[in-house]
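Participant: Provided below for reference: sequence and predicted model.
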There are 2 protein chains.
Amino acid sequence: MDSPETRGASAQPRSKTPLSRETVLAKALELVDSDGVDALTMRRLGQELGRDPMSLYRYAENRAALLDGVTELVLDDLCIEPEDPDWKEQLRTIAHNLRLLALRHPNLVPLLVTRPLSTPLGLRPLGTLRPLEQILSLLIAAGFKPSDALHVYRAYYGFLYGHILNELQEFIVDPEENEALLRLGLHRLPPKEFPRLRALAPALAEYDGLNELDQGITILLSGLETQLSLKANRS
Amino acid sequence: MDSPETRGASAQPRSKTPLSRETVLAKALELVDSDGVDALTMRRLGQELGRDPMSLYRYAENRAALLDGVTELVLDDLCIEPEDPDWKEQLRTIAHNLRLLALRHPNLVPLLVTRPLSTPLGLRPLGTLRPLEQILSLLIAAGFKPSDALHVYRAYYGFLYGHILNELQEFIVDPEENEALLRLGLHRLPPKEFPRLRALAPALAEYDGLNELDQGITILLSGLETQLSLKANRS
DNA sequence: GGGTAAAGTCTACATTGTAGATAAGGCAGT
DNA sequence: ACTGCCTTATCTACAATGTAGACTTTACCC
């Protein structure tokens, strides 16, 4: 039933350009973005590229590695200036950028936060470790002693990831019917057990992720600064 | 090759007690804890219970629902005192308890943080929403106006989730060879690109999650308190 | 008994990741 | 032009998975 003309819905004129890790990952990302992580099957991706599924194994050891590759790919979009003298401001913009990145690839967020859990730090794709390294540089250049820099990084990135998870949870439905659906969902809850939550429906509907993030960062950074502070290097 | 005597490695004498959602979920949790989420297949769970895999569908709509059930199950272990007059202390102990819970079920953490992403708030298992409701109660009782309570909750829980993700990342290998393996892993990194990270190997090895969490919570709570504060209700 | 509902089982199928053997193209050297 | 070789891609095949749908067993009530 499949004539040799029947190709995947994709570009390649026939079987020509020799494919490359970049193209594979790019298409994979595209797929994840549009249809979710589960839609990224070897067969589907192969079809999308107009190639046999098996050819993919030349560019990634297996499906898991392919997913790692995708997360690495998007993390490369996150640029960090380790030389920025205003470290607080730099951390703030990194936070904003990471947030935007997550909003641009919501389907990828589960992978972003979850993959590291199954790979010891030293064995992760280099692209995923680069932000860590650069932020450490930033903090050390700002005067923190290395071990304190690590603390700051952890609190900072922890909060950042937490925020992203939070924000995406409340964003699932498209903002148009967001409120309606949300109320509908909440309406299902037993009123005696969930009075607070139900009463907060309007507040939940007008969630402002950027502000929320920003204020959190402010609090955290000033707190960290006074607690650890740069004093260790100042004497 | 399978005599009728050959049962799953499990308890049930033969096919006797009529099974129940609780037993199913309990075994499922056991399985996840010991062998990871991927090991929880319908067939394996069925075998573990000495029943046909298909029987499970009486107690959960499908595999996803089963996983939801498991997360709900463990979250029920998290007890919260919404009446506690010392709200900061209460939030701190909740944090500690959630952390312990995560350390007790590390394989479940990906689910814990990820499932909510694919289910609109109102449609989640009630067990997963209860902590939210109770913490809101706690904060409102403490004098926060409801919308501020929501802010506090978000910052707090966001940070908490972020911390847990952080801590579990660095814990994967057993603490014995932790340091060795870690160094090994880090040694793989190109020195020119990752000098900070490599230099921090020792610091990474002696990570104290409890402290890290505790200090973060302190900072966050005092920050939130002064920023929003209870002033709205004080006048 | 006979009937009814619940609990459990059997069979079957479509989909998945991926091993292993096989081909198809390009490019060297002679 | 032929031969060998290496990279890239394909084909075939298999075991494992979730789950639909029909069936069987069990318990119990009148």
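Facilitator: Sure thing, it's come through. Note that this is a predicted model, so its numbers are computed, not measured.
Participant: Give me the mean pLDDT for stretch A:138-152.
Facilitator: For stretch A:138-152, mean pLDDT is 93.
Participant: before we move on, what about stretch A:93-106?
Facilitator: Averaging pLDDT along stretch A:93-106 gives 97.
Participant: okay, now the domains of chain A?
Facilitator: For chain A, the structural domains run A:21-60, A:82-171+A:207-234, going by automatic domain parsing.
Participant: tell me the most buried of these?
Facilitator: Counting by mean count of other CB atoms under 10 Å in any protein chain shown, domain A:82-171+A:207-234 has the highest mean neighbour count of the domains of chain A, with a mean of 19. Placement of C-beta: from N, CA and C, glycine included.
Participant: Work out the gap between that one and the centre of the chain.
Facilitator: A distance of 12 Å separates the centroid of the chain from that of domain A:82-171+A:207-234, by CA atoms, centre = their mean, to the nearest Å.
Participant: what residue ranges in chain A are flagged as low confidence?
Facilitator: A:1-16, A:171-184, A:229-235 (pLDDT under 70).
Participant: For it, just list every one of the helices.
Facilitator: Secondary structure of chain A (DSSP state H): helices at A:21-35, A:42-49, A:63-75, A:87-104, A:109-114, A:126-141, A:146-169, A:175-187, A:195-199, A:201-205, A:209-227, A:231-234.
Participant: Kindly reformat these as CSV containing distance to DNA strand D.
Facilitator: Listed next are the helices of chain A as CSV, based on distance: least, CB to the nearest atom of the strand, whole Å:
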stretch, distance to DNA strand D
helix A:21-35, 9
helix A:42-49, 7
helix A:63-75, 13
helix A:87-104, 28
helix A:109-114, 18
helix A:126-141, 21
helix A:146-169, 23
helix A:175-187, 22
helix A:195-199, 29
helix A:201-205, 30
helix A:209-227, 32
helix A:231-234, 50
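Participant: mind checking which of those helices is nearest chain B?
Facilitator: Of all the helices of chain A, helix A:175-187 sits nearest to chain B, with 1.7 Å by CB to the nearest CB.
Participant: one step back: can you add distance to B:L108 and give the helices of chain A back as CSV?
Facilitator: Listed next are the helices of chain A as CSV, based on distance: least, CB to CB, whole Å:
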stretch, distance to B:L108
helix A:21-35, 24
helix A:42-49, 28
helix A:63-75, 19
helix A:87-104, 23
helix A:109-114, 12
helix A:126-141, 23
helix A:146-169, 15
helix A:175-187, 24
helix A:195-199, 24
helix A:201-205, 26
helix A:209-227, 26
helix A:231-234, 38
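Participant: Which one, of those, ends up nearest to B:L29?
Facilitator: helix A:109-114 (18.8 Å; CB to CB).
Participant: what helices or strands is that closest one leaning on?
Facilitator: The elements that helix A:109-114 packs onto, with contact taken as 3 or more CB pairs under 8 Å, 6 or more residues apart in numbering or on different chains; DSSP states H and E, are helix A:63-75, helix A:146-169, helix B:109-114.
Participant: so which of the domains of chain A gets nearest DNA strand C?
Facilitator: With CB to the nearest atom of the strand, the closest approach to DNA strand C among those belongs to domain A:21-60: 3.4 Å.
Participant: Run the contact check for the closest one versus chain B.
Facilitator: No. Against chain B, domain A:21-60 shows no contacts by CB under 8 Å from any CB of the partner chain, the least distance being 8.6 Å.
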